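Engineer: show me the folded form of this:
(chains A, B, C and D)
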Number of protein chains: 2
Amino acid sequence: MATIYDVAKQAGVSAATVSRVVNGRASVDTALAARVQQAMRELDYRPNALARNLRRRQTSIWAVVISDIGNPFFTSMVRGIEDVAQGAGYSVVLCNSDEDAAKEARYVAAALEEQMAGVIISSAGRAANVNRLIEAGTPVVAIDREVRGAAVDTVLVDNEHGAELAVEHLIEAGYERIACIGGPRRLPTAQQRLRGYQRALRAHRRPADDELVRHGDYRQEGGYQAMAALLDEGERPDAIFAANNLMTIGALECLADRGISVPDRMGVVGFDDIPWAHLVRPSLTTVAQPTYELGRTAALLLAERIAEPSRPPSTVTLRTELKVRASSNRPSVA
Amino acid sequence: MATIYDVAKQAGVSAATVSRVVNGRASVDTALAARVQQAMRELDYRPNALARNLRRRQTSIWAVVISDIGNPFFTSMVRGIEDVAQGAGYSVVLCNSDEDAAKEARYVAAALEEQMAGVIISSAGRAANVNRLIEAGTPVVAIDREVRGAAVDTVLVDNEHGAELAVEHLIEAGYERIACIGGPRRLPTAQQRLRGYQRALRAHRRPADDELVRHGDYRQEGGYQAMAALLDEGERPDAIFAANNLMTIGALECLADRGISVPDRMGVVGFDDIPWAHLVRPSLTTVAQPTYELGRTAALLLAERIAEPSRPPSTVTLRTELKVRASSNRPSVA
DNA sequence: TGGCCACGTCGTAGATGGTCGCCATCGTTC
DNA sequence: GAACGATGGCGACCATCTACGACGTGGCCA
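Structural biologist: Numbers count the residues shown, from 1 in each chain, chains lettered A, B, ... in the order given. Okay, here's the model as predicted:
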């Protein structure tokens, strides 16, 4: 592979001049510049990004650390990030932490070692990882999950409000005993969605029975097990609110296995949409998040922070939207 | 950020010794090594990957170039790649080419500039991109799609056979007029699946009517449009074989919009599974691909090629499996 | 007209942080 | 005493960027 020196020799100039032509920062005589361009074409010269990165002490890569690459919520978000990154001249690296704090820490370490230009993170755990990045001066944006104890740009959705809407909708549809399949207790999104659920019950003077709340792991399997527990233990609910998309799928699976018909004997609303929610039968009522927009916003915030590292961190909260479909349509009791 | 020289000073040794301790290549006296470890901890030393990469003329990153990050087929495949990469000490960068040859070329250029340790690619277009990598000495593995005109390690599934099985199944289920929603003509997978469809028809002496074959873009929208065309133009089929998962979803959507019941009035089999195929009503008969295994195999091949660059390229073909569910269950005519 | 200064260009030389080949040293063993 | 292995330091090297200074030109002022 040709280096900058080969080009310089071919064009009869110094390497510095070639560098100037490549980067367009300083002024170079037009005739010389043309000769350099010519030489670059002839040698099929590609600047060595490694050397440039070392010298500039920074890559042009953004790391995106997410907790589950298989969740369509994240893939759509990543698209939003990618589109902005592309436009701003950055590449995007995807890191899949699998909700594992250790794996997340490894990726953060890698981001530091590789001197990534920025990090967008949906953190599984404590603030330590995020703070490590901030201390090292790496621009960071938290997405989807707020990070307590870290001063960082953040993009969220109104989880509590969305959950409240969902549960209110179930109440208005006539369901009586509404259960909740919550997410992992340590995750802020799970806590907020649970609060929304409780708030709606309280507002409508429904008792908040502890037996009605189960916690899953935000995966399909967890949703299945939580649903099974709700069916087998204690007084059976007639509707459920599930705190994320994959757990909703799991719950539906369980209900199908048990032959419990939705929405007649069990109303179902899930948090976060699924691309084919309307193909599932019955079609699924969901609290839709603006996933693409979430990614876009985070990427824009990151670009701004890179441009202006010292500005105070800001938090953007996007709205959710209740999409009423068939799974929460209780047949009126005659 | 502390450099290797800071650590060397702190431990009272030379930078070379610190390097040896970090990399564990050469033997270092235990006492010295301990002092170095101590100094690294005290200074919170992180090796600068950029400098190492420059010197070694290689990063420890694998680029995975895929054509649609939103397709669960690819996300599962990526998991398989990641797990192997993780174990072998590599990080994985995801590049989303969106079936766009130009975008793909940009990512390939980036992989060359950043001197990626290896590339796994599901190429959208011609062999030029892959050959550029091979010429530069970058280890490459083609996945899911063979690359004609390039001598490269390849991992495929038996597309033709899988498609044949699917169509045979529809024939045996009693469907008469079986249509095909094929993929983009230029893609080898689309060509192979189409051939499997045609072969099955021929074997059962069904006429291969050109009117019964439409081509989509491997996305949901394309499946929807192809289905609509099949319904509106010419003699209507009573079953369809769709050449990938997202187009199957699109076709189902179209059928639902038109009120055409599946499997009574239209049998449906799709190529490639969907995580929640059994939740869609009716549950979906599919040709399942070993997606995770596909990724794993490609990653293993890449690791082998990196270890032994001169070995002749090999091709691995994995088997598909027909998963019979409800969407192809034709009610027997009384 | 001569001298000085500003400015546009361009080359030299170091800096970036690690890695590794080579060589010196030291202790051990035969 | 020679041979050998283990150990650790020196300095070149990776490809690029950039601070600094040199050089030439032209304008302006005395």
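Engineer: show me where the stretch 1-150 of chain A has strands.
Structural biologist: Remark: strands assigned in the stretch 1-150 of chain A by DSSP state E, counting those that start in this stretch are A:61-66, A:91-96, A:118-121, A:140-143.
Engineer: adjacent strands (with direction) for the second one?
Structural biologist: Based on DSSP bridges, the pairing partners of strand A:91-96 within the sheet are strand A:61-66 (parallel).
Engineer: find the closest residue to chain B in the stretch 201-334 of chain A.
Structural biologist: Per C-beta to the nearest C-beta, residue A:281 is where the stretch 201-334 of chain A lies closest to chain B, at 2.9 Å. Just so you know, the C-beta spots here come from the backbone N, C-alpha and C atoms, and that holds for glycine as well.
Engineer: let me see the backbone angles for the closest residue to that residue other than its chain neighbours.
Structural biologist: Of all residues not flanking residue A:281 in the chain, residue B:281 sits nearest, at 2.9 Å (C-beta to C-beta, 6 or more residues apart in numbering or on different chains). The phi and psi values for residue B:281, taken as degrees, to the nearest 10, are phi -110, psi 120.
Engineer: let me know how buried residue A:26 is, in neighbour terms.
Structural biologist: 10 (other C-beta atoms under 10 Å in any protein chain shown).
Engineer: who touches it in this structure?
Structural biologist: Residues near residue A:26 by C-beta atoms under 8 Å, 6 or more residues apart in numbering or on different chains: residue A:20.
Engineer: for residue A:153, same thing?
Structural biologist: Residue A:153 touches A:140-142, A:301-302, A:305, A:313-315, counting by C-beta under 8 Å, 6+ apart.
Engineer: next: residue A:314.
Structural biologist: A:153-154, A:301.
Engineer: how about a cut-off of 7 Å?
Structural biologist: residue A:153 (C-beta atoms under 7 Å, 6 or more residues apart in numbering or on different chains).
Engineer: do the same with residue A:229
Structural biologist: Counting by C-beta under 7 Å, 6+ apart, residue A:229 touches residue A:214.
Engineer: past the host helix or strand of it, which element shows up next along the chain?
Structural biologist: Applying DSSP states H and E as the criterion places residue A:229 in helix A:220-232. Toward the C-terminal end, the helix or strand that comes next after helix A:220-232 (DSSP H and E) is strand A:239-242.
Engineer: in that following strand, what counts as buried?
Structural biologist: By neighbour count on 16 or more other C-beta atoms under 10 Å in any protein chain shown, the buried set for strand A:239-242 is A:239-242.
Engineer: just curious, which of these is nearest to DNA strand C?
Structural biologist: Proximity of those to DNA strand C (C-beta to the nearest atom of the strand) peaks at residue A:242, which lies at 47.0 Å.
Engineer: partner residues bridging the closest one?
Structural biologist: For residue A:242, the beta-bridge partners under DSSP bridges are residue A:181, residue A:270.
Engineer: next, give me the two most distant ones among the buried residues of strand A:239-242.
Structural biologist: Farthest pair in those (C-beta to C-beta) is A:239 and A:242. Separation: 10.7 Å.
Engineer: quick one: contacts for the nearest residue to residue A:198 once chain neighbours are set aside?
Structural biologist: Of all residues not flanking residue A:198 in the chain, residue A:208 sits nearest, at 5.3 Å (C-beta to C-beta, 6+ apart). Going by C-beta under 7 Å, 6+ apart, residue A:208 touches A:198, A:201-202.
Engineer: follow-up on the earlier one: make TSV out of the buried residues of strand A:239-242 and add pLDDT.
Structural biologist: Below are these laid out as TSV (pLDDT from 0 to 100):
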residue	pLDDT
A:239	97
A:240	97
A:241	98
A:242	98
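Engineer: out of those residues, who's nearest residue A:128?
Structural biologist: Nearest to residue A:128, judged by C-beta to C-beta, of those is residue A:242 at 30.1 Å.
Engineer: neighbours around the residue nearest to residue A:6 when sequence neighbours are not counted, how many?
Structural biologist: Across the structure, with C-beta to C-beta, 6+ apart as the measure, the residue nearest residue A:6 apart from its sequence neighbours is residue A:43 (5.7 Å). Number of residues near residue A:43 (other C-beta under 10 Å) recorded here: 16.
Engineer: ok, residue A:103 next?
Structural biologist: 17.
Engineer: same thing with residue A:8?
Structural biologist: 18.
Engineer: quick one: residues contacting it.
Structural biologist: A:14-15, A:17-18.
Engineer: so how far is residue A:36 from it?
Structural biologist: 8 Å (C-beta to C-beta, to the nearest Å).
Engineer: which neighbours do those two share?
Structural biologist: In contact with both residue A:8 and residue A:36: A:17-18, using C-beta under 7 Å, 6+ apart.
Engineer: look up phi and psi at the residue of the stretch 151-300 of chain A found nearest DNA strand C.
Structural biologist: At 25.0 Å from DNA strand C, residue A:152 is the closest residue in the stretch 151-300 of chain A, using C-beta to the nearest atom of the strand. When read as degrees, to the nearest 10, the backbone of residue A:152 gives phi -150, psi 150.
Engineer: just checking, it touches residue A:140?
Structural biologist: Yes: contact criterion C-beta atoms under 7 Å: residue A:152 and residue A:140 qualify, at 5.4 Å.
Engineer: now the common contact residues for the two.
Structural biologist: Common neighbours of residue A:152 and residue A:140 (C-beta under 7 Å, 6+ apart) are A:130, A:134.
Engineer: these two: which has the busier surroundings?
Structural biologist: Using other C-beta under 10 Å as the criterion, residue A:152 and residue A:140 rank with residue A:140 on top: 30 against 24.
Engineer: just checking, the more buried one touches residue A:121?
Structural biologist: Yes: the pair residue A:140 and residue A:121 passes the contact test of C-beta under 7 Å, sitting 6.4 Å apart.
Engineer: for residue A:161, see how far away the residue lying closest to residue A:217 once chain neighbours are set aside is.
Structural biologist: Sequence neighbours aside, residue A:184 is the residue nearest to residue A:217 in space, at 6.0 Å (criterion: C-beta to C-beta, 6+ apart). Applying C-beta to C-beta, the value for residue A:184 to residue A:161 is 21 Å.
Engineer: cool, and residue A:155?
Structural biologist: Going from residue A:155 to residue A:161 by C-beta to C-beta gives 16 Å.
Engineer: next: residue A:195.
Structural biologist: According to C-beta to C-beta, residue A:195 stands 10 Å off from residue A:161.
Engineer: more neighbours: which of the two?
Structural biologist: Remark: of residue A:195 and residue A:161, residue A:161 carries more neighbours, 17 against 14, as counted by other C-beta under 10 Å.
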